[in-house]
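> what shape does this take:
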Amino acid sequence: MFTTSVVGSFPRPRFLIEAFDKFSKKEISEAEYQEAVQDAIKLTVKEEEIAGIDVITDGEMRRSSFVSFVGQKLPGFRLVHITELKKDAKEIMKREKAQLTLWRAVADGEIKDAVLAADELEYTKSITAKEVKVTLPSPYLVMWETWHKGISDGIYKQPEDLAERYAKLLRKEVIRLKEKGASFIQLDEPMLGDLVEASPEKPDRYRKVVELIHGQKYRGFKEEVKLACSLVNEVTKGISGVRIGIHLDRWPNKDSPFYNTGYEKLLPELLELKVKQFVLEYASPGSGDPVKLVSELPSDVEIGLGVIRVRESTVERPQDIVKMAQDVAKVVGGERVWLNPDCGFAPGMYRGFPRSVAFEKLKSMVKAAEILRKKYS
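So this is what the prediction gives:
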């Protein structure tokens, strides 16, 4: 009961960021850079183990960001700086209060199959006896993040064409990860979660920024939700023997008309997703009441309950986490409740969050899990 896990990324140690910068400038060799990466993974795995996390990740130490790394792994993408796509991109993000990753993977050719994360899984499993979670960008996210009018439309006329192609390749990677012993495969789909902030005619602030920088157009609320869910199901349909979850973001601003609105806004389509677990953000103010959603979940679906804020440094008290988890467990039972941070602590290489604080937050979450297990045993 109350299994503890992390959503994906952990703050990069300073030595890895410095090595990444030097490698980007060709000041060190690839072998030297990979040594720094492996050291960072060992450090992160050990910290998660010491904190007491049940299902761990490698902290996404190999990835420049949680999504743009596909541009480094799959043929058909290339990495570009956001200002190459739009000179005033940074000003647009500031004005719309929506921050995108600065290095963008853009589809500029036919996307071909290649290993995305199976190599990462193999290395992590070689240095830990813990169960390992692997995170992968979902097709709807990749469609919005990587299709660019003027670059991608020569190969994929419509964004949906790119999404369908990536979904087929992602399915192959999920099967590879299953065969290599992944305990949990998490599909990251923040763009679906962000639709909580959208209206039937107007996109949320993140999609609006992508529209302005990439040139893709909003299809309308219901159409976007249906597309996102259908693409996930293309990936997961018929795959068994491994836990597959989907992670949705929720970054509400206080000035949003949808502040305190939860993921229940995405029903009923959300319930059609063929996944074992919903990994959802609920620790941040304005994210809504998790009980409203979990009351609707099928009896075989789990909730990865976001109980740790990843955008502020105050360490949550175990008793506060216990209270939040108990409210949900009253509805679905402790066996179906997992505890995790809201999101990754560092979805991009340069996101500054103190590792020491992240570590203390994980320890507090584990302590809460221990209290809950005693209460429910």
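> ok, which stretches of the protein are helices?
14-24, 30-51, 70-73, 82-85, 89-96, 118-126, 139-146, 159-179, 190-193, 205-214, 221-236, 290-294, 318-332, 355-376 (DSSP state H).
> now, of those, which is deepest in the fold?
Among the helices of the chain, helix 139-146 has the highest mean neighbour count (mean count of other CB atoms under 10 Å), at a mean of 28. C-beta: built from backbone N, CA, C; applies to glycine.
> contacting residues for the residue most central in space within the chain?
Centroid check for the chain by CA atoms, centre = their mean gives D188 as the closest residue, at 3.7 Å. Neighbour list for D188: G8, F66, V67, T135, L136, P137, S138, L141, I246, H247 [criterion: CB atoms under 8 Å, 6 or more residues apart in numbering].
> ok, now with 10 Å
7-8, 66-67, 135-138, 141-142, 245-249, 279, 343-344, 347 (CB atoms under 10 Å, 6 or more residues apart in numbering).
> can you check T101 too?
Contacts of T101 (CB under 10 Å, 6+ apart): S64, S65, F66, V67, S68, I82, E145, P347, G348, M349, Y350, R351.
> how about 8 Å then?
So T101 contacts S65, F66, V67, S68, I82, P347, G348 (CB under 8 Å, 6+ apart).
> do you know how far it is from K86?
14 Å (CB to CB, to the nearest Å).
> cool, and E335?
48 Å.
> E120 now?
31 Å.
> doesn't E49 make contact with T4?
No: the pair T4 / E49 is not scored as a contact, 11.7 Å apart, by CB atoms under 8 Å.
> about what we covered before: TSV for the helices of the chain, including mean pLDDT and distance to L267?
Formatted as TSV, the helices of the chain follow (pLDDT from 0 to 100; distance: least, CB to CB, whole Å):
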stretch	mean pLDDT	distance to L267
helix 14-24	95	41
helix 30-51	98	33
helix 70-73	91	29
helix 82-85	94	34
helix 89-96	94	27
helix 118-126	97	33
helix 139-146	97	17
helix 159-179	98	22
helix 190-193	95	12
helix 205-214	95	20
helix 221-236	98	9
helix 290-294	96	8
helix 318-332	97	15
helix 355-376	97	27
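> V310 is nearest to which of those?
Nearest to V310, of all the helices of the chain, is helix 355-376, at 7.9 Å by CB to CB.
> next, the angle helix 30-51 makes with the closest one.
With axes from the mean of the first three to the mean of the last three CA atoms, to 10 degrees as the basis, helix 355-376 and helix 30-51 are set at 40 degrees to each other.
> now do the contacts for the closest residue to L141 other than its chain neighbours.
Leaving aside its chain neighbours, L141 sits nearest to M191 (4.9 Å; criterion: CB to CB, 6 or more residues apart in numbering). Neighbour list for M191: Y140, L141, W144, E145, Y206, R207, A228 [criterion: CB under 8 Å, 6+ apart].
> and if we set it to 7 Å?
For M191, the contact set (CB atoms under 7 Å, 6 or more residues apart in numbering) comprises Y140, L141, W144, A228.
> H214 now?
By CB under 7 Å, 6+ apart, the neighbours of H214 are L85, W147, H148, K149.
> one more: L267?
Counting by CB under 7 Å, 6+ apart, L267 touches E296.
> same question for the one 5 residues further on.
Neighbour list for E272: C229 [criterion: CB under 7 Å, 6+ apart].
> just the C-alphas of stretch 270-290, formatted as PDB.
The C-alpha trace of stretch 270-290 is given here as PDB (Å, rounded to 0.1, in the frame of the first residue of the first chain):
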ATOM      1  CA  LEU A 270     -10.000  10.400 -19.800                       C
ATOM      2  CA  LEU A 271     -11.600   7.100 -18.500                       C
ATOM      3  CA  GLU A 272     -11.200   5.500 -21.900                       C
ATOM      4  CA  LEU A 273      -7.400   5.500 -21.600                       C
ATOM      5  CA  LYS A 274      -5.900   2.000 -21.600                       C
ATOM      6  CA  VAL A 275      -3.500   2.600 -18.700                       C
ATOM      7  CA  LYS A 276      -3.000   1.100 -15.200                       C
ATOM      8  CA  GLN A 277      -2.300   4.400 -13.400                       C
ATOM      9  CA  PHE A 278      -3.000   8.100 -13.600                       C
ATOM     10  CA  VAL A 279       0.000  10.100 -12.300                       C
ATOM     11  CA  LEU A 280      -1.500  13.500 -11.400                       C
ATOM     12  CA  GLU A 281      -0.400  16.800  -9.900                       C
ATOM     13  CA  TYR A 282      -2.500  17.700  -6.800                       C
ATOM     14  CA  ALA A 283       0.000  19.300  -4.400                       C
ATOM     15  CA  SER A 284       0.100  22.700  -6.100                       C
ATOM     16  CA  PRO A 285      -2.700  25.200  -5.100                       C
ATOM     17  CA  GLY A 286      -5.500  25.400  -7.500                       C
ATOM     18  CA  SER A 287      -5.100  21.900  -8.900                       C
ATOM     19  CA  GLY A 288      -8.500  20.800  -7.800                       C
ATOM     20  CA  ASP A 289      -9.900  18.000  -5.400                       C
ATOM     21  CA  PRO A 290      -8.500  14.500  -6.200                       C
END
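> this completes my enquiry, with thanks.
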